[in-house]
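1. Structure of the sequence below:
(3 chains)
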Amino acid sequence: MVERAVHDRGSWPTDAPIDRSEHELADWEILMDAIVGALGSEGVMNVDELRRGIESMPAADYESASYYERWLFSTETILTEKAILTPGELDQRVAR
Amino acid sequence: MTYSVGQPVRISARVHAGHHRTPAYVKGARGTVERVHDRFADPETRAYGGDGTPHRQLYLVGIDLRSVTPRDHGSRDRVFVDVFEHWLEPIE
Amino acid sequence: MSHDHDHPHAPLPRADEPPVAARVRALEELLVERGVLDRDTIRRRIDWLVSRTPADGARLVARAWVDEAFREQLLADARGAALELGLDPGPSPVVVALENTESVHHMVVCTLCSCYPKALLGPPPDWYKSLAYRSRAVNDPRAVLSEFGVALDDDVELRVVDSTADIRYVVVPRRPPGTEHLSESELAGLVTRDSMIGVAQPSLSR
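-> Got it, this is the predicted structure:
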């Protein structure tokens, strides 16, 4: 059995029923998607970096975070790595 | 090494610590080339800020589901997965 | 500690939004202020996202059902076929249409993340992105199809297609029987998003 990372879910052991309820995307989710798309088209962050950032989440966080929370985690991680954001800057901004 | 439609292949079971797009459940599995796609930018280097060159040849590989997961599947059921050339090995 | 007050106000929390929403708005503010992105680019991207619907994919399928030459083109080059109909196939360099037949049924998943042909189908449903689907589409696909109300005969070959790379897959479901009299646009009305993922079959009864 090959070791797997938390994002590598194909055939992960589970019998959990599929929750088919759907929700309309919230404004902030559409905005998050748009920011990532814009960063991609402007050549700032590509989709492979986005995925790599998501895959770097601690396993428990990955499993409990919502879909776009993972995108935010990744974007913050990658942009901080590129020195476009400074560490903790988003939190400071929200706290003002 | 390049592959053609209908050719039997094995998907490498090697460990790759960084970002890659070969799922664990197919590593080490045997399958058949179903399609020869184009060459694409390499996600394994692009994920770390590289430009993804040289581009890598991508293949659609069909694998018997019973060989990769333990459940009751139809006898003909298969999983098709897009795999890069450097993750494939020929089978004699 | 000093605070720079010559800046746009920090994002205010809005009713019913989780805390992450304020962080996303803060991210936008910072990126715009810093000149990394401009607001127009973001707005255009938002406009594009909200314009995406499965009606586009349904038009491809309906045309393929009534026009044999188009069907062949769709199966050979879905991206080109979409452009022919004036549709936007999206940024993915390759889109592949997979045809369901009497003996083969396709079902699409992205086990590693959530790759999905959203230009043609709109945003993916939550369940498609869920950990349960990403695992069980491979683990136990016939049970998943049962949950979605699709029963396949034992001798049908089920192909679970795991989109692990840049290729986006769209399923061309089978045309339901008893639809010979319908117009192309009426046929398009039968083609659901779920049938283009491969977890539903179009039918006359809705």
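2. Pull the number of nearby residues for C:Glu68.
-> Neighbours of C:Glu68 under the rule other CB atoms under 10 Å in any protein chain shown: 9. C-beta here means a position set from N, CA and C on the backbone, and glycine is covered the same way.
3. now swap in the one 4 residues further on and tell me
-> As a burial measure, the neighbour count of C:Glu72 was computed by other CB under 10 Å and equals 12.
4. per-residue pLDDT, it?
-> At C:Glu72 the predicted local distance difference test score is 98.
5. how about C:Met107, what does it touch?
-> C:137, C:141, C:144-145, C:158-161, C:171, C:197-199 (CB atoms under 8 Å, 6 or more residues apart in numbering or on different chains).
6. switch to 6 Å and redo it
-> Shown in contact with C:Met107 (CB atoms under 6 Å, 6 or more residues apart in numbering or on different chains): C:141, C:160, C:198.
7. Quick check: mean pLDDT of the one helix or strand it maps to?
-> Remark: C:Met107 resides in strand C:104-109, with elements defined by DSSP states H and E. In this model, strand C:104-109 carries a mean pLDDT of 98.
8. in its sheet, what does that strand sit against?
-> Its sheet considered, strand C:104-109 pairs with strand C:157-162 (parallel) by DSSP bridges.
9. So what's the gap between the strand it pairs with and the chain middle?
-> 17 Å (CA atoms, centre = their mean, to the nearest Å).
10. cool, and stretch C:113-130?
-> Between the centre of stretch C:113-130 and the centre of its host chain there is 4 Å, according to CA atoms, centre = their mean.
11. Any idea what C:Glu99 is bridged to?
-> When assigned by DSSP bridges, C:Glu99 has beta-bridge partners C:Val172.
12. Number of residues surrounding it?
-> Counted with other CB under 10 Å, the neighbours of C:Glu99 add up to 15.
13. Can you name the residues that contact B:Val26?
-> With contact set as CB under 6 Å, 6+ apart, B:Val26 has these partners: B:11, B:81.
14. and the closest residue to C:Asp162 other than its chain neighbours, what pLDDT?
-> Of all residues beyond its chain neighbours, the one nearest C:Asp162 is B:Val81 (4.6 Å), with distances taken as CB to CB, 6 or more residues apart in numbering or on different chains. On pLDDT, B:Val81 comes in at 98.
15. what's the distance between B:Val81 and B:Leu60?
-> Distance, B:Val81 to B:Leu60, by CB to CB, to the nearest Å: 7 Å.
16. Looking at these two now, which is surrounded by more residues?
-> For B:Val81 versus B:Leu60, the count of surrounding residues by other CB under 10 Å is larger for B:Val81: 30 against 23.
17. check which helix or strand covers that one.
-> According to DSSP H and E, B:Val81 maps onto strand B:78-84.
18. The helix or strand just after that strand: partners in the sheet, and parallel or antiparallel?
-> Proceeding C-terminally, strand B:78-84 gives way to strand B:88-90 as the next helix or strand, assigned by DSSP H and E. Sheet pairing here is set by DSSP bridges, and for strand B:88-90 it gives strand B:8-11 (antiparallel).
19. Just the CA atoms of the strand it pairs with, as PDB, please.
-> Coordinates of the C-alpha atoms in strand B:8-11 are reproduced here as PDB (Å, rounded to 0.1, in the frame of the first residue of the first chain):
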ATOM      1  CA  PRO B   8      -0.100  -2.600 -21.700                       C
ATOM      2  CA  VAL B   9       1.700  -0.400 -19.100                       C
ATOM      3  CA  ARG B  10       2.500  -0.300 -15.400                       C
ATOM      4  CA  ILE B  11       2.100   2.800 -13.400                       C
END
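20. Report the buried residues of the host helix or strand of C:Ala21.
-> Under the criterion DSSP H and E, the helix or strand holding C:Ala21 is helix C:19-33. Within helix C:19-33, the residues that count as buried by 16 or more other CB atoms under 10 Å in any protein chain shown are C:20-32.
21. So which elements touch it?
-> Helix C:19-33 sits against helix A:27-41, helix A:89-95, with contacts defined as 3 or more CB pairs under 6 Å, 6 or more residues apart in numbering or on different chains; DSSP states H and E.
22. 8 Å instead?
-> helix A:27-41, helix A:67-81, helix A:89-95, helix C:39-51 (3 or more CB pairs under 8 Å, 6 or more residues apart in numbering or on different chains; DSSP states H and E).
23. Go through those helices and find the least confident stretch.
-> When the helices and strands packed on helix C:19-33 are compared on mean pLDDT, helix A:89-95 scores lowest, with a mean of 93.
24. thought B:Met1 was touching B:Pro90?
-> Yes - because the distance of 6.3 Å satisfies CB atoms under 8 Å, B:Met1 is recorded as touching B:Pro90.
25. Might you enumerate the residues of chain A proximal to chain B?
-> A:2-5, A:8, A:10-11, A:46, A:48-49, A:51-52, A:55, A:82 (CB under 8 Å from any CB of the partner chain).
26. returning to that earlier point: could you dump the helices and strands packed on helix C:19-33 to TSV with mean neighbour count?
-> Formatted as TSV, the helices and strands packed on helix C:19-33 follow (neighbours: other CB atoms under 10 Å in any protein chain shown):
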stretch	mean neighbour count
helix A:27-41	21
helix A:67-81	21
helix A:89-95	16
helix C:39-51	15
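27. could I get these as CSV with distance to B:Asp77?
-> What follows is those, written out as CSV (distance: least, CB to CB, whole Å):
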stretch, distance to B:Asp77
helix A:27-41, 34
helix A:67-81, 28
helix A:89-95, 46
helix C:39-51, 35
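28. Ok, which of those helices comes nearest B:Asp42?
-> helix A:27-41 (16.9 Å; CB to CB).
29. which outside residues touch the next helix or strand after that closest one?
-> Scanning the chain past helix A:27-41 towards its C-terminal end, the next helix or strand to appear is helix A:47-55 (assignment: DSSP H and E). Surrounding helix A:47-55, the residues in contact under the criterion CB under 8 Å, 6+ apart are A:5-7, A:36, A:40, A:62, A:70-71, A:73-75, A:77-78, B:18-19, B:43, B:46-49, B:52, C:112-113.
30. Appreciated, that's everything.
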